[in-house]
Structure formats: structure tokens, C-alpha cells
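Trainee: Okay, sequence plus prediction incoming.
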Number of protein chains: 2
Amino acid sequence: MSPQPGSAGDVLTLISAGSATTRSDLARLTGLARSTISQRVDALIERGLVEESESGESTGGRPPRQLRLHTEDHAFAGVDLGATHCRVALMDISGQVLAECEDPLLIGEGPEKVLAHVDQRLDRLLGEAGRTRPMLRAIGIGVPGPVEFATGRPNNPPIMPGWNDYPVPEYFGGVSVLVDNDVNVMALGEHRHSFPETRHLLFVKVGTGIGCGIVADGKLHRGAQGSAGDIGHIRVSGHDDAGCRCGNSACLEAVAGGAAIARKLAELGLPAERGADVVALVQAGDTQALRLVREAGRHIGEVLAGLVNFFNPEVIVIGGALSRVHEHLLAGIRETVYRRSLPLATHHLSITPSRTGIDAAALGAGLLAIEHYLSPENINRIVSA
Amino acid sequence: MSPQPGSAGDVLTLISAGSATTRSDLARLTGLARSTISQRVDALIERGLVEESESGESTGGRPPRQLRLHTEDHAFAGVDLGATHCRVALMDISGQVLAECEDPLLIGEGPEKVLAHVDQRLDRLLGEAGRTRPMLRAIGIGVPGPVEFATGRPNNPPIMPGWNDYPVPEYFGGVSVLVDNDVNVMALGEHRHSFPETRHLLFVKVGTGIGCGIVADGKLHRGAQGSAGDIGHIRVSGHDDAGCRCGNSACLEAVAGGAAIARKLAELGLPAERGADVVALVQAGDTQALRLVREAGRHIGEVLAGLVNFFNPEVIVIGGALSRVHEHLLAGIRETVYRRSLPLATHHLSITPSRTGIDAAALGAGLLAIEHYLSPENINRIVSA
């Protein structure tokens, strides 16, 4: 329960969820006095968050006016920054995508260059969608590294030189900016888009490295320091000779990540430097590549088997670059999870490739921004400002 | 937000949390109409949940009447059923223990005998506390095995013969009965009693077997099938020869549980059959026992290191029979967790022995009952009945 039930934020939540479409609905659902309802709704209309039409059905007398989320005067951005790409999606307050774009971009060029690029793209997309800069209310950004979520600062990200402790939100002036690890925003995007009714979901990204986004009881679980889901450095058995960039050995990522598979293929004399090359070899039917991807799936499955026992999710979604050859990866994962996890935990478990695909990150980052903006706490702050 | 902000349940939550002590507080905090507040409060008083005194401070005119939780007319029970014991705590609605008892009792005698014993003890404790049977509003029961929480039926519990699918709640007639795995109620008891401000906590029980209770964002995480926290069957590396009762090998429990340590000590010719014997040997200073307990700690630490990366808890509490020799167990656990987990996740991590001790389970079971009873949904149901 929010500390102030029946606040403007609560009223807006009822309207945006479709639970209330008239002032009478609100009075009935909240038990608030009519005068309080009017005060709340008027404040929301004044701030451009809600609109009230005359189009309600007649019930004999004056037709009741319909309340709904005002989707015209706001815009939200979801930004997916990868190691070598930048996707930006502009969305309205209901989560509808208004415009989007994608460009190659090296995250290693550092925050100023990368964020300047994002800023230009925002202007272009706002223009395309017929919105203006002041309408941009919040930006969500997913980055390929750990982030202190509360401040939006990357925290010793290994593949983002120059970004450590950089105050990303300040780059964009007054607008709210939420920065999160890419796999967290992918988990959010996948959950909201493809599995909205699922309470407990894991999103596993298998690319160069391996990471996991956790949805617990419908919400992102970031953990105490925001580092939850960092499964790439969990130990797998029988690989104590596999050194990892983290300084330990036998880490999942050092054994089963895209970079590790590429290295093994290169040792066999095949043309592989990174995850994309592994995908290309598998797609070309190379049996060594097939074998190594399936074996990687088994190692990932060993770690996931433990996490299934621990967390008991309903759904595990496999995403990331290597999920493009998901049949081989999933075969290995499923084989091990079903062998090693408890029957009670796997009986209804679904292990599935990402349905949202490459859009999960930009979509999820945008939804992170919208959900933050629509949170009762933020709405109450806006309305009382 | 509950679907009906400002409901009787929400009003009671504000009173029980101490946020509101007068009707004016409630009006201010909820924005509800005065008449609605009166209706809610009157219903709560009529149901014996709230009392209103005349003892408020004078503010010139009539002193405002103080609202508080009515603690006289209700009782709640927390029951801890172990393999060989039964503890019952009788509590008031604020969580205060009114009376308690403990007896040896074999869970293997089956549900009828065991629950008849619980029932007798409830009568005795109610008598001691000067309360009557109809005042007993809810019972929480922790059992040493998996439970389908929604129905209160044990689910293939390995050490509870005769209990599979037994409808425990129906034994007690009309009163609400919540049945949960013992380690879940221990986690809840430990969290509420010793770490109420901690958001993410793991409670690891190391006894004959090994299990874990998970508090995520202040709430018990039971997972999709209620089997979350079953870490005893996660694979540890280098022990593929250790067969487990679950049918797999190298399970944590088969390598590091109290029964496994006792077996290893017996093989060395020492008098050990179960966990308690291991504790006795350690307390007597036996160096083989010390060595094996520390080694068990390292294996538990290997699994926890992975879970720290995945879940990023603030606190890990070590409880259960073997925690009586916690210095040796903790040394092994800490050594491995700090070596294998990511620095970001361990920087502020506290790994600590249980502070609640043997009372965690009965206390937690009682709090489970009280929290269920005081949930806005249940209060709204009671008030509208």
C-alpha cells in the first residue's frame, strides 16, 4: 500500500490500468470524497496527464465524461546501447512506439561521444513523431555493464572504457534519466511485452558474455547493490583450467560465452573471433560449431539448474546474440536443467527463446522510463509541485 | 496499491503500523471523506480489531481519541514441527508471545497423531494466556518438507511419511491455517525479528539436509510452485561420486549436509550417526569433525557464491542444527564466498549466524499467521462479512 492511498498517483494508476474510466468509478473504487476526486482529477488534467471527453454513454441524464491517459503531450525514450550499436525508440505514455532508429556505434568511444549521438537521434525522432523536446519526460538507457541504478552511474564496466562513474543522467539536463544494465531492461521488455501474467521470470542473455535479468513478483530484482543476475561468473564443474577475465577460473562465461566458443573454434582452425562468427558457422551447418554451442548450452544449463532450484521461475527466456541459433543452445540447456533440477520446480517450467527479439532492450528501457514516470510517488511529486 | 485504496484493510494497516493514531490522522493520510473514515473505523471496532480510547492529549477542546490495535480478543499460534520436536508459541495480534511450549514429537507418526498433539497444546497455551478457543484467529505451521502453500498440503515430503497431500488446514476446522516449509518460516522469523530493515535476505538452514528461505524486497519469495530455496540439490564441483537420495549425484546436501558429515565421521571410526553427533564432536574439540565441518562450509560457500552473484542479498543468515558450531562452518562459507563472488556483491554483504536461534521457526510461523490475518484483503473480507 502506498503511504497515502487515494493520492493523485493512485488515481492515475486506476485510470492508466483501465480500472476507472469515470469520476464515479474513481469514487466507488477509492472511497474518496467527491470533492477529493475532483481535486485529484483536475490536477492530473492540468498537468496534461489525463484527458476527459464528453463521449460517454448516456444513462438517461447527462452522459458521464470519460477519463483516459492523455497520450499526446508526452514522449519517452528507450535507448539500447550495445558494444557496437545504438537503438533508440520513442514512445508515448501508453508504451506505443512512435518512431525508432538504429545505428552502429562503438560504446568504447566514451560517454560524451555516445551520448551526443543519442541526443541527436532523440531530436530526429521527436521531429518524426511531431513532438517537441519539452514533451520528453523520461529516458531509459540500457548499457552493457553494471550500473549503480540509484545514481545512473556505470560501475567498473569492463567493456565500456571511460564510462566508470560517469554521471549519465546529468548529460540530459533536467529530464529524468534511468540507467540500467542491458539485461535488466531486456528482462523488463520481454516480461511486459510477452509474459505480462508471469510472476517470476529469468531472462538469460547469451552473447559475448552471459548475464541474467530477474523478474520477481512482476518487478525487476536488482539486489542490494544492483548487481543481481551476474551469473557469468558462477563456477561450472570440471573446468578449473578455464581462466576468466575476472581473475577466477571455471566461470560460466569463460566456458560457455560467445567469446569462449569463438576461441575454441579458432583453435580448431575455423574463422571465428566473436559470438557473431559462431552464429554464422552454426547457420552454415558447421558441425564443430554445432557441437560447441550445444555443449555451451549444457554448461549454461548446469548453472540454470541450480537457479531453478533456488528461484523456482515459471519462465526462462534465452536471448542475446547466440539465441539466434537457439535450437542448439536450448537443446543443451533443457537437457541439463531437466536432468539436474527438482521435478517440482521443472514440472511447469517453460524454457523459451526470446519473443521480443532484438527490440527487447530498447522497449524495456522505454518502459522503465514510463513506469518510473507513472509511479504514484513521481505523479504525487509532479502534482504537488 | 491495493485495488481499493482507503479500504478498511488499508485503514487498519495505517493503525497497526503506527502511522495513524486518530481519525484525523486517517483523514489526512488517506484523503477519505470523514463519513467514510467513520464507517471504516466503526467496522474495525465492531469486529474487535481496533480500540479507541479517550486518553489523547488535549488540544484545547475535546481531546482526540486514540486508535490502536486491539490486542486482547485475539490469539495466533506459531507451530514449528521438526523431525523430532514440536514447538508452539501463542502470540497476540502485535506479535507478542503470550505462552509457549516444546515437546519431543516424531513427525513420522503421521498427521493425525502429530496434529492432535498440536491441538492439545493449543488448548493448554490458550488456557495459560487466559484466552479462549474462538479467539484463535490463525495458525501458522512450519514443516520439514515441501508444501503447496496455497492449499497447505505437504508435497512428497521425504522425511514425513503419511503426510503427502494431507489437507493440514482442514484438521483445525474453521480457523485459517497457513502451512509452509520450515526454512521459509525461519527466514520470515529471522527477518522480522533481527533484520526488519533488510530488503534482501537469505536464511540458510544447515541440519541433516540443507535448505534456504528467501526474503526478496521484504517478502518471502516462494517461487512459481512454492519450491524456491531448495538449494540442497544444487551440484557442487568435484564430487560426482557422492550419490544423493534425490537420485542425482554431487548434490550439496549429499556432500555437506549433517547426515553426510556424520557418515564421513563414522567411516573414520567416530561415534556419529546424525547432525547432532557432529555438533557434539566439534564441541568436544575433535579435529576430524572440525576439519569436516569447515570443509562442508566451503562446499556450502561454493553454492552460496553463485547465489550471491545471482541474487545479491544484503544478509545471509546461517541457521539450523549445525549453526551451533557456526564459527567453523562460517569460516569455510566466508572463505569461499569472498573468493568466488563478485566484489561488488560482497562489499557490503554480511554472513552471520542466526540471532533468533531455535525460536526462529515458531516465531516466523506465528508472524506468517498474523500477517495473513492483517492483510488488507483478509480484513476487507472480515469487515464486509
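Mentor: Noted; the coordinates are in hand.

Trainee: Tell me the pLDDT of residue A:237.
Mentor: For residue A:237, the model assigns a pLDDT of 87.

Trainee: How about it, nearest residue that isn't a chain neighbour?
Mentor: Nearest-residue entry for residue A:237: residue B:237, 3.6 Å, with adjacent residues in sequence omitted and distances by Cβ to Cβ, 6 or more residues apart in numbering or on different chains. Placement of C-beta: from N, CA and C, glycine included.

Trainee: Report the contact partners of that neighbour.
Mentor: Applying Cβ atoms under 8 Å, 6 or more residues apart in numbering or on different chains to residue B:237 gives the contacts A:235-238, A:240, A:250, B:250, B:302.

Trainee: Pull up the residues of the stretch 251-385 of chain A that are close to chain B.
Mentor: A:302-303, A:305-307, A:309-314, A:339-340, A:342, A:344-345, A:347-349, A:376 (Cβ under 8 Å from any Cβ of the partner chain).

Trainee: Buried among the residues you listed? Make that a ChimeraX selection.
Mentor: In ChimeraX, this line selects whichever of these come out buried by 16 or more other Cβ atoms under 10 Å in any protein chain shown:
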select /A:302,303,305,306,307,309,310,311,312,313,314,340,342,344,345,349,376
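
Trainee: Of the residues of the stretch 251-385 of chain A next to chain B, which belong to helices?
Mentor: Per DSSP state H, helices hold the following members of these: A:302-303, A:305-307, A:309-311, A:339-340, A:344-345, A:376.

Trainee: circling back to that earlier point, quick check on the contacts of residue B:237: which are buried?
Mentor: In the contacts of residue B:237, burial by neighbour count holds for A:235-237, A:250, B:250, B:302, counting by 16+ other Cβ under 10 Å.

Trainee: Which of these sits closest to residue A:323?
Mentor: Lowest distance from residue A:323 to those (Cβ to Cβ) belongs to residue A:236, with 19.4 Å.

Trainee: Adding pLDDT, write the ones in helices among the residues of the stretch 251-385 of chain A next to chain B out as CSV.
Mentor: Converted to CSV, these look like this (pLDDT from 0 to 100):
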residue, pLDDT
A:302, 95
A:303, 97
A:305, 97
A:306, 96
A:307, 98
A:309, 96
A:310, 97
A:311, 98
A:339, 92
A:340, 90
A:344, 83
A:345, 88
A:376, 82
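
Trainee: and the two most separated of these?
Mentor: A:339 and A:376 (45.3 Å).

Trainee: Show me what residue of the stretch 51-200 of chain A gets nearest to chain B.
Mentor: Relative to chain B, the nearest point of the stretch 51-200 of chain A is residue A:200 (5.4 Å; Cβ to the nearest Cβ).

Trainee: nearest spatial neighbour of that residue, skipping sequence neighbours?
Mentor: Once flanking residues are discounted, residue A:200 sits nearest to residue A:313: 4.5 Å by Cβ to Cβ, 6+ apart.

Trainee: again with residue A:191
Mentor: Using Cβ to Cβ, 6+ apart, the closest residue to residue A:191 is residue A:215 (4.8 Å).

Trainee: And for the residue of the stretch 51-200 of chain A closest to chain B, the neighbour number?
Mentor: Neighbours of residue A:200 under the rule other Cβ atoms under 10 Å in any protein chain shown: 23.

Trainee: Also residue A:271?
Mentor: Number of residues near residue A:271 (other Cβ under 10 Å) recorded here: 11.

Trainee: same check, this time on the one 4 residues further on
Mentor: The number of residues packed around residue A:275, counting by other Cβ under 10 Å, is 22.

Trainee: wait, it sits on residue A:323?
Mentor: No: under the criterion of Cβ atoms under 8 Å, residue A:275 is not in contact with residue A:323, lying 10.4 Å apart.

Trainee: Break chain A into its domains for me.
Mentor: Listed by automatic domain parsing, the domain ranges of chain A are A:8-69, A:75-188+A:361-384, A:193-356.

Trainee: So the residue nearest to residue A:191 lies in a helix, does it not?
Mentor: No: checked against DSSP: H, G, I helix; E, B strand; the rest coil, residue A:215 lies outside a helix; its state is strand.

Trainee: Next one: it from chain B, what distance?
Mentor: Distance from residue A:215 to chain B, counting by Cβ to the nearest Cβ, to the nearest Å: 11 Å.

Trainee: can you map out the helices along the stretch 251-385 of chain A?
Mentor: Using DSSP state H, counting those that start in this stretch, the helices of the stretch 251-385 of chain A run over residues A:252-256, A:258-267, A:275-283, A:287-311, A:326-340, A:343-346, A:360-374, A:376-384.

Trainee: Reformat the ones you listed into JSON lines and put distance to residue B:329 next to each item.
Mentor: Formatted as JSON lines, these follow (distance: least, Cβ to Cβ, whole Å):
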{"stretch": "helix A:252-256", "distance to residue B:329": "27"}
{"stretch": "helix A:258-267", "distance to residue B:329": "34"}
{"stretch": "helix A:275-283", "distance to residue B:329": "41"}
{"stretch": "helix A:287-311", "distance to residue B:329": "20"}
{"stretch": "helix A:326-340", "distance to residue B:329": "25"}
{"stretch": "helix A:343-346", "distance to residue B:329": "26"}
{"stretch": "helix A:360-374", "distance to residue B:329": "40"}
{"stretch": "helix A:376-384", "distance to residue B:329": "42"}
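
Trainee: and those helices, which one's lowest on average pLDDT?
Mentor: helix A:376-384 has the lowest average pLDDT among the helices of the stretch 251-385 of chain A, namely a mean of 83.

Trainee: Kindly export it (C-alpha atoms) in PDB.
Mentor: Output of helix A:376-384 as PDB, limited to C-alpha atoms (Å, rounded to 0.1, in the frame of the first residue of the first chain):
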ATOM      1  CA  PRO A 376       2.400   7.100  -7.700                       C
ATOM      2  CA  GLU A 377       5.400   8.700  -5.900                       C
ATOM      3  CA  ASN A 378       6.500  10.600  -9.000                       C
ATOM      4  CA  ILE A 379       3.000  11.600 -10.000                       C
ATOM      5  CA  ASN A 380       2.300  12.900  -6.500                       C
ATOM      6  CA  ARG A 381       5.600  14.900  -6.700                       C
ATOM      7  CA  ILE A 382       4.600  16.400 -10.100                       C
ATOM      8  CA  VAL A 383       1.000  17.200  -9.000                       C
ATOM      9  CA  SER A 384       2.100  18.900  -5.700                       C
END
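
Trainee: Can you pull out the residues in contact with that helix?
Mentor: Residues contacting helix A:376-384 (Cβ under 8 Å, 6+ apart): A:2, A:4, A:7-10, A:12-13, A:40, A:43-44, A:47, A:49, A:176, A:372-373, B:1.

Trainee: likewise stretch A:148-165?
Mentor: Contacts with stretch A:148-165, where a contact means Cβ under 8 Å, 6+ apart, come from A:83, A:107-108, A:110-111, A:141, A:143-147, A:166-169, A:177-180, A:208, A:222, A:225-226, A:245, B:344.
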